[in-house]
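J.: A structural model of the following input is requested.
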Amino acid sequence: MSDFDYDVLVIGSGPGGYVAAIRAAQLGLKTACAESRDTLGGTCLNVGCIPSKAMLHASELYDEAANGTLAKLGVKIDKMSLDLSTMQGQRADAVKGLTGGIEFLFKKNKVTWLKGLASFTGANTVEINGEKVTAKNIVIATGSSVTPLPGVDVDNDGGKIVDSTGALVLDKVPGHLVVVGGGVIGLEMGSVWRRLGAKVTVVEYLDQILPGMDGEVRKEANKIFKKQGFDYKLGTKVTGAKAHDKGVTLTVEPAAGGEAETIEADVVLVSIGRRPNTNGLGLDKIGLELNARGQIETDHEFGTKVPGVWAIGDVIPGPMLAHKAEDEGIAVAENIAGLTGIVNHDLIPSVVYTKPEIAGVGLTEEAAKEKGAIKVGKFPMMANSRAKTNHEPEGFVKIIADAETDKVLGVWIIATPAGTMIAQAAQAMEFGASSEDIAYTCHAHPTHSEAIKEAAMAVTGKPIHM
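T.: Just a heads-up that it's a prediction; the model follows:
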């Protein structure tokens, strides 16, 4: 009989936490998960990935009907209008269904949901709602929250200066939306409201959008979004924002220094990144310090320096992505159970769910060049028969391979289903594929994925359709 209440206690029920809890239970460990929200699923399911995709998909369909794209396909709509409350309703339904699904999986796998905030009182002990709970292993999976911007006070209830959570639930289309930050979340939420009729201006501190992505992809994405109606103020910093009766007055100035100016907006979305959630965990009680970026450092098995305390997801170094956290959740549970849980952090795909989607895995061309000689193959989507037939000509597939060994080092895609296409590239790279391996793999026709085959053929300069 164990001296502990549980073999495993997971703090947080986001994609990392709930997956870790379910996997631990599947491996025969007595498992609990502490979560203070009324629903399971963390940021991703409640106010992040899932609801934003519900709004992205709905706004895409509205845009196709409103701007005449459907008419070109012979789908004539005599009269149409936007019913935003119904659109918001289907978003809420998606969230309800999926968060409820996790609750069902917890019951099915006999994971105990401990409702409340957990705070360490010792290495194997936490306090939840004034009650002491002990566990042989405790996994910190508390995720991240929006990074605040100095001089700009977010008030989601007010609906004028909002973060990504507030931008999801606006009850009317803003006349002018200013997005502070040209990263993934800002561009996705900006896309939703631009399609529904808002004027959108993106203010980005750096001289290009989508920091961290391949340079060529960043430039092409900039052009595509500009064509869609986005305005940019690049190399620009926001110094203040003041909400008033009519909207928001934003103060900006060049990042390199210079004269300040003001921008009038109906709504401002602050989207400059996310930071790890560690406040209130009582890490000082167990002697666990944070690194310079506020993260918890772990070893290769996701163990912290405190025996029996583990950490995964957005609270540890690496990209703040739900699928990275999920993989780490499975791995940490397997490591606790005495198995070998591994995550290949070099091959975590990233996706921007705009239209077209943008996805990448592995090295950018810039990073690959720093490591040695490379060959690059590119294939435009306008030469892909399925994309052309679907009136989706924008974008390309780019494959970066080692010049000597032909091993694929990175794949970057701009295409309507890029987020789905990137899985093939990630899997090929996980198996150590060469560009030749991909080029000689039979791809179904007609599909967008044929562009991956053609880009692989282009690495040696021999694509068929261009």
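
J.: Can you find the helix or strand of the protein with the lowest average pLDDT?
T.: helix 69-72 (a mean of 91; mean pLDDT, DSSP states H and E).

J.: Quick check: buried residues in it?
T.: Leu70 (16 or more other Cβ atoms under 10 Å). Every residue, glycine included, has its C-beta placed from N, CA and C.

J.: tell me the mean pLDDT for the following helix or strand past it?
T.: Per DSSP states H and E, helix 69-72 leads on to helix 84-108 as the next helix or strand towards the C-terminus. Averaging pLDDT along helix 84-108 gives 98.

J.: that older thread, what about the least confident helix or strand of the chain, distance to the chain center?
T.: Offset of helix 69-72 from its chain centre (Cα atoms, centre = their mean, to the nearest Å): 31 Å.

J.: Format the CA atom coordinates belonging to that helix as CSV.
T.: This file holds the C-alpha atoms of helix 69-72, laid out as CSV (Å, rounded to 0.1, in the frame of the first residue of the first chain):
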residue,chain,number,x,y,z
THR,A,69,-15.6,33.4,-54.8
LEU,A,70,-18.6,31.0,-54.6
ALA,A,71,-20.3,32.8,-57.6
LYS,A,72,-17.2,32.0,-59.7
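
J.: what's next to it, contact-wise?
T.: 63-64, 76-77, 391 (Cβ atoms under 8 Å, 6 or more residues apart in numbering).

J.: If we use 10 Å, what do you get?
T.: 60-61, 63-65, 75-77, 80, 391 (Cβ atoms under 10 Å, 6 or more residues apart in numbering).

J.: Can you tell me how far Ile272 is from Asn291?
T.: Distance of Ile272 to Asn291, given as Cβ to Cβ, to the nearest Å: 20 Å.

J.: swap in Ile464?
T.: 49 Å.

J.: Next: Ile128.
T.: 27 Å.

J.: Can you pick out the residue with more neighbours from those two?
T.: Ile128 (19 against 11; other Cβ atoms under 10 Å).

J.: For the more buried one, grab phi and psi.
T.: phi -130, psi 120 (degrees, to the nearest 10).

J.: which residues touch it?
T.: 9, 11, 32, 34-36, 114-119.

J.: Output these in a markdown table, with pLDDT and neighbour count appended to each entry.
T.: Listed next are these as a markdown table, based on pLDDT from 0 to 100; neighbours: other Cβ atoms under 10 Å:
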| residue | pLDDT | neighbour count |
| --- | --- | --- |
| Leu9 | 98 | 28 |
| Ile11 | 98 | 28 |
| Ala32 | 98 | 25 |
| Ala34 | 98 | 27 |
| Glu35 | 98 | 28 |
| Ser36 | 95 | 16 |
| Leu114 | 98 | 21 |
| Lys115 | 98 | 12 |
| Gly116 | 97 | 15 |
| Leu117 | 97 | 15 |
| Ala118 | 98 | 27 |
| Ser119 | 98 | 16 |
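
J.: Closest to Val351 out of those?
T.: Set against Val351, the nearest of the contacts of Ile128 by Cβ to Cβ is Glu35 (26.1 Å).

J.: where does the protein have low pLDDT?
T.: For the chain, applying pLDDT under 70 flags the ranges 1.

J.: residue boundaries of the helices in it?
T.: 15-26, 42-47, 49-66, 69-72, 84-108, 164-168, 184-195, 215-227, 322-336, 365-371, 385-389, 418-430, 435-439, 450-459 (DSSP state H).

J.: With distance to Pro276 as extra columns, can I get these in TSV?
T.: Shown next, in TSV, are those (distance: least, Cβ to Cβ, whole Å):
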stretch	distance to Pro276
helix 15-26	12
helix 42-47	12
helix 49-66	18
helix 69-72	41
helix 84-108	22
helix 164-168	16
helix 184-195	16
helix 215-227	26
helix 322-336	12
helix 365-371	24
helix 385-389	39
helix 418-430	25
helix 435-439	36
helix 450-459	35
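
J.: And Ala368, how close does it get to Pro463?
T.: 20 Å.

J.: do the same with Thr236
T.: In this view, Thr236 and Pro463 are 39 Å apart by Cβ to Cβ.

J.: can you check Thr69 too?
T.: 29 Å.

J.: got it, and Ser2?
T.: 61 Å.

J.: Give me the more crowded residue out of these two.
T.: Pro463 (20 against 10).

J.: from what I can see that one touches Phe379, true?
T.: Yes: counting by Cβ atoms under 10 Å, Phe379 is a contact partner of Pro463 at 5.7 Å.

J.: Pull up the overlap in contacts between the two.
T.: Common neighbours of Pro463 and Phe379 (Cβ under 10 Å, 6+ apart) are 451, 453-457.

J.: okay, the residues you listed in CSV with distance to Pro211 and neighbour count next?
T.: Formatted as CSV, those follow (distance: Cβ to Cβ, whole Å; neighbours: other Cβ atoms under 10 Å):
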residue, distance to Pro211, neighbour count
Ala451, 25, 30
Lys453, 30, 23
Glu454, 29, 25
Ala455, 24, 27
Ala456, 27, 31
Met457, 31, 22
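
J.: can I get those in a markdown table with distance to Ile342?
T.: Shown next, in a markdown table, are the shared contacts of Pro463 and Phe379 (distance: Cβ to Cβ, whole Å):
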| residue | distance to Ile342 |
| --- | --- |
| Ala451 | 31 |
| Lys453 | 29 |
| Glu454 | 32 |
| Ala455 | 29 |
| Ala456 | 27 |
| Met457 | 32 |
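
J.: With Phe396 as the reference, measure out to the closest residue to Val352 other than its chain neighbours.
T.: The shortest distance from Val352 to any non-neighbouring residue, by Cβ to Cβ, 6 or more residues apart in numbering, is to Ile358 (4.1 Å). Computed as Cβ to Cβ, the Ile358 to Phe396 distance reads 11 Å.

J.: Could I get the contacting residues of the residue most central in space within the chain?
T.: By Cα atoms, centre = their mean, the chain has its centre lying nearest to Leu321, at 4.9 Å. Neighbour list for Leu321: 15, 44, 49, 184, 313-314, 327, 348-351 [criterion: Cβ under 10 Å, 6+ apart].

J.: repeat for Leu82
T.: By Cβ under 10 Å, 6+ apart, the neighbours of Leu82 are 58-59, 62, 65-66, 172-173, 196-197.

J.: again, but for Phe104
T.: Leu40.

J.: before we move on, what about the one 5 residues further on?
T.: The contact partners of Asn109, by Cβ under 10 Å, 6+ apart, come to 21-26, 31.
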